[in-house]
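**Q** Next one to model:
(chains A and B)
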Amino acid sequence: MHTDQEPLSDGPFGGAVPGTPLGPLTFSISPAANERYWRSAGVDHPLLEAGALYPPIAANLTILLFQTIAPRPLLHTAQRLVCHRSAPAGQDLDVDGTLAERFTKRNREYAVVEAEIRVADELLWTSIATFCEVQ
Amino acid sequence: MKTTRSLTLSEELLRAYSRRGNFHSEPDEARRIGLPGLVAQGMQVAGPAYGIALDAWGDDFLAHGVVDVKFVGMVVDGQTVEAQVDVDVDVDGDEHAAPVTVVDHATGAVKVVGTMWRHR
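**A** Residues are numbered from 1 along each chain as shown, chains lettered A, B, ... in the order given. Sure, this is the predicted structure:
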């Protein structure tokens, strides 16, 4: 993983505003790490045992992407994940995105992050995650 | 067709699903920020539901699946959750969006709600 992004301020989510670009970051999910994710989520399937990447990992990558600018602990409140193809574990995954939206609900600040995860320049997953800060 | 699957979210499983140094994996960090225990990540709680959909739809769900869920209740280590997914198949064999619910097995409190389906 590599990034040179820094929090913008002490405000919620580092003061980031809608449109703030996030990333790019590069991750490699090894076959062993992939298996750790699906097994610890109570999922077991021959396709995963054969080495297919576990798509819900996209949410973890989105959190890591947002944490490059949001310095405080985050609660994940919603997730939309769209798969565009499948891929085997062990390849580099390129992740980038934007802070798409900020809103307030019941006096609590929320942020919506849209991320795209690519493998070998092909779109693999689209991840839209909503967060609030731990209070 | 409603299918259920349960999962006990032990400390070991929470740590396996998370990086180190945060409230999902370190009891001291969870206490420091006022949380009642290690908190399971939302997509880990939704995992048993994902597994039901994957069993139903296989490779097509890995390649063209959509998951749209809200995490409406906190789950901490030691809790058992029960996922229910209604994989609806009509007479033409065309699956529609499957409603997803994950509840605390002991109390019935809802933890995750949403839908899963395959896009074309």
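**Q** Closest approach to chain A from chain B, which residue is it?
**A** Closest contact between chain B and chain A, by CB to the nearest CB, is at B:Gly47 (2.6 Å). C-beta coordinates here come from the backbone N, C-alpha and C atoms, glycine included.
**Q** For that residue, give me its contacts.
**A** Taking CB atoms under 8 Å, 6 or more residues apart in numbering or on different chains, we find B:Gly47 in contact with A:Trp38, A:Ser40, A:Ala41, A:Gly42, A:Val43, A:Pro56, B:Leu7, B:Ala83.
**Q** Can you check my assumption that the first one lies in a strand?
**A** No: if the criterion is DSSP: H, G, I helix; E, B strand; the rest coil, then A:Trp38 is helix and not within a strand.
**Q** Report pLDDT for the residue lying closest to it once chain neighbours are set aside.
**A** Once flanking residues are discounted, A:Trp38 sits nearest to A:Tyr54: 4.3 Å by CB to CB, 6 or more residues apart in numbering or on different chains. For A:Tyr54, the model assigns a pLDDT of 98.
**Q** quick check, A:Gln135 in a helix?
**A** No: judged by three-state DSSP, A:Gln135 forms no part of a helix; its state is coil.
**Q** where in the chain is pLDDT low?
**A** The chain I'm using is chain A. Applying pLDDT under 70 to chain A flags the ranges A:1-8.
**Q** um, chain B though
**A** Low-confidence segments of chain B, defined by pLDDT under 70, are located at B:89-95.
**Q** again, only this time at 50
**A** The model of chain B has pLDDT under 50 over residues B:91.
**Q** who in it is up against chain A?
**A** With the criterion set to CB under 8 Å from any CB of the partner chain, chain B comes near chain A through B:5-7, B:13-14, B:16-17, B:22-23, B:33-35, B:39, B:41-44, B:46-48, B:50-51, B:54-55, B:58-59, B:61-71, B:119.
**Q** And the contacts of the host helix or strand of B:Thr101?
**A** Following DSSP states H and E, one finds B:Thr101 within strand B:98-104. Strand B:98-104 has contacts (CB under 8 Å, 6+ apart) with B:45-46, B:48-49, B:53, B:56, B:69, B:73, B:75, B:79-88, B:109-117.
**Q** could you redo the last one with a cut-off of 6 Å?
**A** B:45, B:49, B:79, B:81-87, B:110-116 (CB atoms under 6 Å, 6 or more residues apart in numbering or on different chains).
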